Structure formats: structure tokens, C-alpha cells
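K.L.:
Fold the following.
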Amino acid sequence: MPTILIAAVFAAAAAAQVTQPRQFIYPPEFSPGRPYSPGVLAGDTLYISGQVDKDPRTGAQPSGIRDQTRLAMANMGHVLRAARMDFGHVVTCHVQLKDMGNYKEMNEAYGSFFKPGEYPARTTLEFPGLPGGANIEVTCIAYRDKSKISGVVPAPGTFPAPGGPYRAGVWAGDTLYVSGTGGRNPQGGQLDPTIEGQTRQSLANINAVITAAGLQMKDTVFSNVYFLDPDGYQGTTYGKLNSVYKDAFKLGLAPSRASFCLSKLPGTISVELTFIASRDGSKGRVVPDSAGPSPTSSNGGVIANGTLYTSGKSGNGSALEEQMRDSIRSIEAILKLSGMDLRNVVDTHVYLQDIGQMDAMNAVFREFFPRNPPARTTLQVIQRQLVQVQAVAVR
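P.N.:
Numbers count the residues shown, from 1 in each chain. Next up, the predicted model:
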């Protein structure tokens, strides 16, 4: 069946779906006028914007990573409470640090917000820049029905022992969130010196969690790929990584993906992967785009249980504003094929080459989301493009 016809059938079927109820969460502790919503509750899933180490009204920033972590987590707590949840509802977090040297102290402060049996999945990374001079930004997803939250325990010796307060994988309803993992051998801790070897072991570690959850790699719907490159994305690291990653999926069945070069990963690893998977067995869940099928990514996006995960999208143009508009228009096209539009977007990640261009990015973001904007996390990464955007939308 031609791609255009497949897309038309896909869109027609998607358009018949009923939109899930949603609430835009704006706690009273937050100053008004932000270009994004602090939280968006879609069905039972709460998407929380990246929370930094500053008072959400005054902008005051404490000193020291312990207190900075506590404040970022307290800001997270404001959103959770406004949605009638607590930290026991949190199922996955990304902890973004300005300096990985603060990992140990961050871990201690972060862990104090959770009961040991309720740790979410987690990915911890160092980024070249965070918004407004922050030293930590925490992004989380929570789930309203605690009876449907459970941890996944891989078979002994198949997944590296957690290096902090997190679980290897966490179920939230029919969605599985897998913690970020590097390429250490789980049985002895050895690290292959090659990018190919680390990628292969990272995928094996992830597969151990997926298998323990009763799923297969084909059930993954979204992945983040993080890597280091001494040549700043101009070297061979990315190609070597992909040469192994592509073998984990059949052509046309890879999850949607966003990939970034960072300044530091935990320990001495050079590759870290994190995945989202789903029990949804729908066969028509891959949304095509003009680039066609790729061995490493569903270039458009993947739909599972009524949720669309787009791949990261970059745009054309010489100025950030042009690239930002083009990126969002690319996402609009994917939404249209899925029977959705920008009103369905509940969460976004914006990756900038220069965090100093936040104001210019915000101005364009407001153009496309003038009211009831989605949740958002903004980060600086090492990339060729001035900006890249990834979105999650819910029918």
C-alpha cells in the first residue's frame, strides 16, 4: 500500500478517537506568565516541566547542590500537589546537572523525597547549559493510579546494580519507563573501550529490563540516545553508535528517537540509552514522515495507547527563530497524520545549541502555543542545529 494511502487510513482511524480529558496545572507558588505549563495531566499521566533550583516566584537560588536539589524537588512537589498527587506517584525522572561532580550530593538530597520501594526510573546526565544559570533541572512524569505502578526487576546479573535511588524499570499502567543505562557489564562492571561495544552492552542491559517486563524490543516506542564525542559531534562516535543500534530493530520498527552529544555522562561511560515501551500491540503505530523508514528511528513518531511520541525535529533557516518555526511545523505535520494538532501536545523538550537564546525560542513557542501550552524542558546540548524539538501528544 503506498505511503500516502497508509497515512490517510492512519489519520482517518486516529481522528475517530476520543480525546482524553486534560488539566493544565499551574500551582499558586509559581509566578504567572510562563510560556509553558508547569504540569499537564492527560488521563492518568502527569507531565511535569523541568524544575530548576530557583524559587518559582522570586528566582532566588540557594547555594550548594544539596539545597539546590531540594528546591528543584520542592518545586516538583508543588506541581504534584496541585494535581492531587505526591512523590509516590512519580514513575520516571530525568536529572539534568550542570556538573556531574555533584552527583553524590544530588543523589542524597534527591533520594530523601522518595520511599525506598517507590523510587522511579531515572536517567542522570550532565548538560553544557541549563536555563537561567541553574545547576540542576529535574523533569518527571507521574501517574495518578498508584495501583497500576510497579517496579520491574531484571534477572540477576543482567542489569548493572543501581548507582542511586532508582529502579531499573517502572510500569505506569500500560507504559514502561526504563532507567538510563550505559555499557557496563552487569556481572563484573567492565566497560568496553569502544563505542560499538558500549552501545551493544547498553542495548543488552535495556533488553534485560524489557524482557523482565514481558515485552520485546519491538514494543519500545521512544528512546533517548546520549553520547560523548571529543570532536563535538563532528567525529565518528555517532556513526559507530548507530552501526550497532540499528541491529536491535527491524527496518521500520525502531522507536522514535532524540539523540544528543553531551558534556559528561555518569562515571566513565561514553554512551547512555533510555527507553519507553508499551503493552499496546497495535501494528499501525508508526507514523511516517517524508524521510521514509530509518534503521535507527521512526522519523515521524510512534503511537501507543493513544499517545504519540515524535522523534526530535530540527528545522531549516539561518536564525534560531526560523529553525524553531520549521521544527514545530514538522511536528504539526506528524500530528496531522495522527489525527491530531498542536492542541493535543502535552509535553515538549527543546534542545538549544546556546541556552542564551531562550528569549528568542520562547517568543516562537508562544506563537504556536498562545494558550494552555504544554509542559516543557529546555536544555543546551552539543549539536549542529540551533534548536531541536521533541513532543508528546495525547488524543
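K.L.:
Tell me which residues touch N344, please.
P.N.:
Neighbouring residues of N344 by C-beta atoms under 8 Å, 6 or more residues apart in numbering: T19, L308, L335, A393, V394, R395. C-beta coordinates here come from the backbone N, C-alpha and C atoms, glycine included.
K.L.:
pretty sure V95 belongs to a helix, no?
P.N.:
No. Using DSSP: H, G, I helix; E, B strand; the rest coil, the assignment for V95 is strand, not a helix.
K.L.:
Quick check: bridge partners of the nearest residue to K264 once chain neighbours are set aside?
P.N.:
Leaving aside its chain neighbours, K264 sits nearest to E126 (3.6 Å; criterion: C-beta to C-beta, 6 or more residues apart in numbering). Beta bridges link E126 to L97, K264, judged by DSSP bridges.
K.L.:
contacting residues for E126?
P.N.:
E126 sits next to Q96, L97, K98, D99, M100, L262, S263, K264, L265 when contact means C-beta under 8 Å, 6+ apart.
K.L.:
now swap in Q96 and tell me
P.N.:
By C-beta under 8 Å, 6+ apart, the contact list for Q96 reads G50, L125, E126, F127, L130, I136, E137, V138, T139, T377, L379.
K.L.:
In three-state terms, label the closest residue in space to it that isn't next to it in sequence for me.
P.N.:
Spatial nearest neighbour of Q96, chain neighbours left out: E137 (4.4 Å); criterion: C-beta to C-beta, 6+ apart. Following three-state DSSP, the label given to E137 is strand.
K.L.:
follow-up on the earlier one: specify which member of the contacts of N344 is nearest to S297.
P.N.:
L308 (14.6 Å; C-beta to C-beta).
K.L.:
how about the nearest residue to K246, chain neighbours excluded?
P.N.:
In space, K246 is closest to P295, 3.8 Å off (C-beta to C-beta, 6+ apart).
K.L.:
hang on, isn't that neighbour packed against A248?
P.N.:
No. P295 is beyond contact range of A248, at 9.6 Å (criterion: C-beta atoms under 8 Å).
K.L.:
ranges for the strands of the stretch 101-250 of the chain?
P.N.:
Assigned by DSSP state E, counting those that start in this stretch, the strands in the stretch 101-250 of the chain fall at 121-126, 136-143, 149-152, 169-172, 175-178, 220-227.
K.L.:
want to throw these into a markdown table with distance to A83 and mean pLDDT?
P.N.:
As requested, the strands of the stretch 101-250 of the chain are arranged in a markdown table below (distance: least, C-beta to C-beta, whole Å; pLDDT from 0 to 100):
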| stretch | distance to A83 | mean pLDDT |
| --- | --- | --- |
| strand 121-126 | 19 | 98 |
| strand 136-143 | 7 | 98 |
| strand 149-152 | 15 | 98 |
| strand 169-172 | 14 | 98 |
| strand 175-178 | 17 | 98 |
| strand 220-227 | 22 | 96 |
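K.L.:
Given the helix or strand in which V302 is found, what are its sheet partners and their directions?
P.N.:
In this assignment (DSSP states H and E), V302 forms part of strand 301-304. Here strand 301-304 has these sheet partners by DSSP bridges: strand 286-287 (antiparallel), strand 307-310 (antiparallel).
K.L.:
Other residues contacting the very next helix or strand once past the last one?
P.N.:
Okay, so that is strand 307-310. Of the helices and strands lying after strand 307-310 in sequence (DSSP H and E), the nearest is strand 313-314. Contacts to strand 313-314, defined as C-beta under 8 Å, 6+ apart, come from residues 323, 326-328, 330-331, 334, 383, 385, 387-390.
K.L.:
Which of these fall in helices?
P.N.:
Q323, D326, S327, I328, S330, I331, I334 (DSSP state H).
K.L.:
Closest one of these to N207?
P.N.:
I334 (27.4 Å).
K.L.:
where along the protein do the helices fall?
P.N.:
Using DSSP H, helices in the chain cover 3-15, 65-82, 103-111, 195-212, 237-245, 320-337, 358-368.
K.L.:
Buried ones in the second one, by neighbour count?
P.N.:
Neighbour-count burial for helix 65-82, with 16 or more other C-beta atoms under 10 Å as criterion, is recorded at 65-66, 68-73, 75-80, 82.
K.L.:
Could you find the closest non-adjacent residue to I334?
P.N.:
G300 (4.7 Å).
K.L.:
mind listing what that neighbour touches?
P.N.:
S256, V286, V287, P288, D289, T310, S311, I334, L337.
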